[in-house]
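**Student:** quick one: sequence plus predicted model below, questions after.
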Amino acid sequence: MDAELQAMVEAGKISAKAAETLDQLKPETFCIHKSWGFGRVSRWNLLLNQIVIDFETKKHHTMQVQYAAETLQPLPGDHFLVRKAKEPRVLQQLAKEDPVQLSQIVLESFGGKITQDQLQKALAPDVVAQEEFKKWWDSAKKALRKDGRFSLPAKKTDNLTIRDKSISYSEELLESFRNARQLKSQLGALEQILKNAESFKGKESDLQQLIVQVEEIANQNQRLHAPQAIELLVLRDELCAKLPELKAAPLSVAQLLKESENRLSNTLSSVSTSRQRSVINEFPRAFPQDWSTRLLSLLRSANARLVGEIAKTLIDNGHSEALRQNLHRAIKEHSISSEILYWLCKERGAGLDLFESELMAAVFGALERDQFNENRRGSKLHDLLIDDRELVPDLIVNAPSAQARDLMRRMLLTPAFEELNKRSLMARMIKVHPELQSMVSGEVESREESWVVSWSSLQRRKEEYDDLVTKKIPENSREISVARSYGDLRENFEYKAAKEMQTVLMRRKAELEHMLSRARGSSFEDADTSQVSIGTVVTLRDTVSGESLHYTILGAWDSVPEEHVLSYQTAIGQALLGKKPGETAELPTETAVRHAEIVSIEAYQTRTDESLSTVA
């Protein structure tokens with residue numbers, strides 16, 4: 001023992017045990033503290049009863065000698081942390097050339113066990129680069145399995161350990177299943193065996209015994225733990241499919257489903273999501289007479305993931321129309337669940353012709369119902385509506401203006417959304433239907449004055465609207481659908497262009513609907529010629545130059561300026577309306593006002609009506 005330490009013990013300043021520890025903590029040696037981590041002893045100052053430590057996060061830290069002896073753990077020279085500090089290049093080379101030896105050094109230094117996260121913290125970034133660790137660990141695991149002495153963790157929170165003797169990875173997997181006592185652990189072990197089925201090539205006899213054991217466990221648990229028993233048989237069947245030499249007993253998933261006939265909903269929803277499709281695929285064998293009807297009834301209480309699996313099975317087996325009718329009826333009856341609505345919205349109707357404005361009304365109803373019943377299952381649908389910024393526009397894009405207004409009113413009244421979210425959703429609705437803006441700004445929706453238009457201009461507007469609704473908008477919807485299938489909407493130019501065109505088309509649709517709702521067709525017969533009115537031809541004389549002028553005043557959408565045919569809504573048309581022969585009108589020009597006297601007023605002849613051009 002160091003002489004100074006011996007003197008301190010004899011003087012009663014420190015205990016003999018503390019002196020023994022401190023004797024291993026001489027300057028330039030290494031240690032570890034439970035709070036401050038790894039450090040190097042910098043110097044002693046025993047005269048002042050102090051020891052100075054350089055920790056990684058706390059340099060030049062002074063500690064009392066007795067306290068240092070009680071809280072510091074001396075590290076031997078071959079400890080991994082010491083070697084990392086003194087010879088990092090040697091360990092880096094080991095990581096590249098011999099990950100097995102490196103792993104053994106780490107394990108022996110940390111008490112024989114370490115989790116993946118702890119291993120990564122120990123190695124990265126000094127020995128293995130942080131961004132390369134996952135790739136390195138995947139490669140290292142293969143080498144460790146081949147070595148046979150290491151027990152590899154099934155998940156990140158499990159420990160990597162080292163055994164006294166070497167066994168093959170396949171033997172380790174079988175041992176893991178045999179040692180499992182809980183159904184959950186047995187399922188996890190069997191799943192690992194399935195993932196590594198290639199390791200059992202040529203060892204099928206060992207696996208055959210396992211298959212028998214799996215079937216015995218499933219048989220024993222089919223009544224009390226039906227979901228887990230079914231999963232065991234699903235995994236067994238997948239394992240037999242990978243290794244055809246294995247033979248399965250008659251006990252089947254279909255048989256267990258029949259045994260669970262009276263509790264199918266609970267059974268199916270308790271099966272892990274990764275196995276639900278395999279179980280659903282067994283329904284035709286379990287219930288050959290009415291399997292589709294049973295699956296349709298299960299939809300009502302299924303979660304969103306299970307809804308998708310059931311729907312896919314029905315569609316793949318030619319029952320899409322039955323599925324559509326079932327869901328359509330549920331929407332009409334306001335009995336559709338928020339889970340089904342979530343799936344329909346997420347999948348944009350899944351090709352069932354159900355993705356429309358009526359679906360949005362059902363969403364409001366389901367969210368309000370879930371809120372009243374304090375049902376948290378509706379939160380996913382609520383969040384989807386908020387987070388998917390294209391969902392609301394996609395739902396109401398083809399809605400007539402009147403229906404869009406009804407949905408906006410419903411939005412204003414529903415308690416299902418906070419005020420900030422409600423405003424965001426309404427803004428998305430207005431983007432598609434600009435005419436809804438008045439409902440948000442609080443403007444009073446009053447009866448607007450009708451527009452008088454010629455029959456020919458009215459017909460042209462109607463034809464434009466029909467072309468928009470029956471051709472351009474459906475074509476645009478198909479383009480969006482195709483572009484969406486290309487994936488990654490953030491970088492999808494075709495999708496963005498199609499969505500921009502959708503905005504243009506829907507804005508024009510709203511404009512035309514608004515215009516057509518106000519238009520009143522006229523042939524301009526029986527026009528009042530006692531004054532300038534719609535459907536008259538007026539002759540004027542400039543009061544300054546004496547120049548003679550002629551204007552034909554017609555409907556709101558009728559204008560041929562080069563022929564002096566004007567809409568009554570133009571500035572000149574408004575200046576002339578109501579004027580009588582002999583009166584003077586002030587006609588606006590680009591630079592000033594022109595004064596002209598009304599000379600005569602005649603009725604317009606409809607013979608030129610077809611030649612009139614239409615302005616937007």
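**Tutor:** That came through fine.
**Student:** domain parsing of the chain, as residue ranges.
**Tutor:** 3-75, 81-167, 451-522, 536-611 (automatic domain parsing).
**Student:** same list, these, but as CSV with mean neighbour count and distance to residue 256 please.
**Tutor:** From N, CA and C alone the C-beta is placed, and that goes for glycine too. Listed next are the domains of the chain as CSV, based on neighbours: other CB atoms under 10 Å; distance: least, CB to CB, whole Å:
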stretch, mean neighbour count, distance to residue 256
domain 3-75, 16, 51
domain 81-167, 15, 26
domain 451-522, 16, 38
domain 536-611, 16, 72
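**Student:** residue 249: which of those is closest?
**Tutor:** With distances scored as CB to CB, the stretch of the domains of the chain nearest to residue 249 is domain 81-167 (27.1 Å).
**Student:** how many neighbours does residue 219 have?
**Tutor:** Residues near residue 219, counting by other CB atoms under 10 Å, number 15.
**Student:** how near is it to residue 225?
**Tutor:** Distance from residue 219 to residue 225, counting by CB to CB, to the nearest Å: 11 Å.
**Student:** on that earlier part again, now mean pLDDT and distance to residue 213 too, for the domains of the chain, in TSV please.
**Tutor:** Below are the domains of the chain laid out as TSV (pLDDT from 0 to 100; distance: least, CB to CB, whole Å):
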stretch	mean pLDDT	distance to residue 213
domain 3-75	88	44
domain 81-167	88	19
domain 451-522	82	44
domain 536-611	84	84
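**Student:** determine which of these approaches residue 274 most closely.
**Tutor:** Smallest distance to residue 274 across those (CB to CB): 14.8 Å, for domain 81-167.
**Student:** can you give me phi and psi for the spatially closest residue to residue 574 that is not a sequence neighbour?
**Tutor:** Sequence neighbours aside, residue 568 is the residue nearest to residue 574 in space, at 7.3 Å (criterion: CB to CB, 6 or more residues apart in numbering). Note on residue 568: its backbone torsions stand at phi -70, psi -10 [degrees, to the nearest 10].
**Student:** go ahead and confirm residue 568 touches residue 577.
**Tutor:** Yes - at 6.2 Å, residue 568 and residue 577 qualify as touching, with contact defined as CB atoms under 8 Å.
**Student:** tell me the spacing between the residue nearest to residue 528 when sequence neighbours are not counted and residue 599.
**Tutor:** With CB to CB, 6+ apart as the criterion, residue 528 has its nearest non-adjacent residue at 7.6 Å, and that residue is residue 536. Distance, residue 536 to residue 599, using CB to CB: 13 Å.
**Student:** apart from its chain neighbours, what residue comes closest to residue 324?
**Tutor:** Nearest residue to residue 324, sequence neighbours excluded (CB to CB, 6+ apart): residue 352, at 4.4 Å.
**Student:** follow-up on the earlier one: so what's the residue nearest to residue 528 up against?
**Tutor:** Contact analysis of residue 536 by CB atoms under 8 Å, 6 or more residues apart in numbering lists 527-529, 552-553, 601-604.
**Student:** can you add secondary structure and distance to residue 129 and give those back as a markdown table?
**Tutor:** Shown next, in a markdown table, are the contacts of residue 536 (DSSP: H, G, I helix; E, B strand; the rest coil; distance: CB to CB, whole Å):
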| residue | secondary structure | distance to residue 129 |
| --- | --- | --- |
| 527 | coil | 88 |
| 528 | coil | 90 |
| 529 | coil | 93 |
| 552 | strand | 83 |
| 553 | strand | 82 |
| 601 | strand | 91 |
| 602 | strand | 92 |
| 603 | strand | 91 |
| 604 | coil | 86 |
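**Student:** return the residues in contact with residue 281.
**Tutor:** Neighbour list for residue 281: residue 313 [criterion: CB under 8 Å, 6+ apart].
**Student:** tell me the phi and psi of it?
**Tutor:** Backbone geometry at residue 281, expressed as degrees, to the nearest 10, gives phi -60, psi -20.
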